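J.: quick one: sequence plus predicted model below, questions after.
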Amino acid sequence: MSSQEIFEELDPTSIGPDLIIITGMSGAGRTEAMHTFEDIGYFCIDNLPPSLLMNLVSLAGLNTGALRKLAVVCDLRAKEFFPELTRELDKLKEMGLSYKVLFLDSTDEELLNRFKATRRRHPLCDGGMTIISGIRKERELLAEAKQMADYVLDTSTARPQEMRAKIRSLFTSESAQEGMAVSVFSFGFKHGAPTDADIIIDVRFLPNPFYEPDLRVKTGKDSEVAEFVLGRKETSAFLEKWFALLDEVMPGYVQEGKQYLSIGVGCTGGQHRSVVLADMTGQHLSQTGYRVSITHRDLAMAEVR
């Protein structure tokens, strides 16, 4: 396959190969690419000498039909071992293993600016060589790798979230929204406020079933408690505004590339109101296309008979 410069024109049948080889210019975003592949379920290894590719394939069981997918970064940090990449890829092709080569590129000027900003040494800048000389030497040494790449991504003007979105569109059919794991949990403030939640909503302003003798020993998982909480006009008004807020902010988290979001719904004891409303929150987010898990942190400590 010839190199593709524009991701929008890629063949959708290329989604999901067993092995991804990430290579390209130093400073062009290889680390960010590797993190993206981790997020979409690939097992990733950085700075792998090409001569170890076959060993890795065998170790992971890819040649036995295993479902595990691998993404490896092979670049000129391997120095004298890098030229072996072409031979190793030929072996993979003979095995019938599905793989793709992703080459990350950027302009010399942008790469120079990035190295100056990070103050990192270019891997080829030995013996007093300047950064721009190292960049040009690397480009010359990588010319063959770029020619054999299946996909070439120029990151000169791409922001990290744009780069992640392009890679996701290429290698997974899962949308960025589906890729963000959302955890919704209930809790009781009397047992301590959570320290790991991205969003906390306090529902202690709503009427409390605890003060109803028949409901005190029940939980938000009981239909009688759910009917009490959801049947109040205060709850209806709250849910309308709460869901509208979530509908407004959630796409922003997705656009920024957030991979995990935790939402805590708290009441006094974590037994009644928060349990009902955490369930309602999770159901709403699931219905709008998010991948949601719902837990109830303090429900096991509820005072029930």
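T.: Arrived safely.
J.: what's the mean pLDDT across stretch 214-233?
T.: Mean pLDDT, stretch 214-233: 95.
J.: same check, this time on stretch 44-59
T.: 85.
J.: and the strands in the stretch 101-250 of the chain?
T.: Here the stretch 101-250 of the chain has its strands, by DSSP state E, counting those that start in this stretch, at 151-154, 181-188, 199-202.
J.: packing partners for the last one?
T.: Right, strand 199-202. With contacts defined as 3 or more C-beta pairs under 8 Å, 6 or more residues apart in numbering; DSSP states H and E, the packing partners of strand 199-202 are strand 260-267. Yep, even glycine has a C-beta here, placed from its N, CA and C like the rest.
J.: only the buried residues of the helix or strand just after the strand it packs on, if you could.
T.: Counting by DSSP states H and E, the next helix or strand C-terminal to strand 260-267 is helix 273-287. The neighbour-count check on helix 273-287 (16 or more other C-beta atoms under 10 Å) flags Arg273, Ser274, Val275, Val276, Leu277, Ala278, Asp279, Met280, Thr281, Gly282, His284, Leu285 as buried.
J.: which of those sits closest to Asn113?
T.: Leu285 (40.1 Å; C-beta to C-beta).
J.: would Arg77 count as being in a helix?
T.: Yes: counting by DSSP: H, G, I helix; E, B strand; the rest coil, Arg77 is found in a helix.
J.: roughly how far does it sit from Glu38?
T.: Separation of Arg77 from Glu38 (C-beta to C-beta, to the nearest Å): 19 Å.
J.: between the two, who's got more neighbours?
T.: Between Arg77 and Glu38, counted using other C-beta atoms under 10 Å, the more crowded position is Arg77 (16 against 13).
J.: can you give me the pLDDT of that one?
T.: 72.
J.: the one 5 residues further on too?
T.: Predicted confidence (pLDDT) for Phe82: 73.
J.: end to end, how far does stretch 91-108 reach?
T.: Distance between the two ends of stretch 91-108: 33 Å, counting by C-alpha to C-alpha, to the nearest Å.
J.: show me where this protein has helices.
T.: Here the chain has its helices, by DSSP state H, at 30-39, 53-60, 85-95, 108-118, 131-141, 143-148, 160-171, 176-179, 213-216, 223-230, 233-255, 273-287.
J.: give me the domain ranges for this protein.
T.: Here the domain parsing of the chain from automatic domain parsing is 7-173, 178-301.
J.: rank these by mean pLDDT and give me the bottom one.
T.: Mean pLDDT values for those show the minimum at domain 7-173, a mean of 82.
J.: so which of the strands of the stretch 101-250 of the chain is nearest Glu88?
T.: Going by C-beta to C-beta, the one of these nearest Glu88 is strand 151-154, 18.6 Å.
J.: what's the residue closest to the geometric middle of this protein?
T.: Geometric centre of the chain, nearest residue: Asp39, 3.4 Å, by C-alpha atoms, centre = their mean.
J.: looking at the helices of the chain, which one is packed in the most?
T.: helix 273-287 (a mean of 22; mean count of other C-beta atoms under 10 Å).
J.: alpha carbons of that helix, in CSV - could you do that?
T.: Output in CSV follows, covering the C-alpha atoms of helix 273-287 (Å, rounded to 0.1, in the frame of the first residue of the first chain):
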residue,chain,number,x,y,z
ARG,A,273,-31.3,9.8,47.6
SER,A,274,-27.8,9.5,46.2
VAL,A,275,-28.4,5.8,45.2
VAL,A,276,-31.5,6.7,43.3
LEU,A,277,-30.0,9.7,41.6
ALA,A,278,-26.7,8.0,40.8
ASP,A,279,-28.7,5.3,39.0
MET,A,280,-30.7,7.9,37.1
THR,A,281,-27.5,9.8,36.2
GLY,A,282,-25.9,6.6,34.8
GLN,A,283,-29.0,5.7,32.9
HIS,A,284,-29.1,9.1,31.3
LEU,A,285,-25.4,9.0,30.2
SER,A,286,-25.8,5.4,28.9
GLN,A,287,-28.8,6.5,26.8
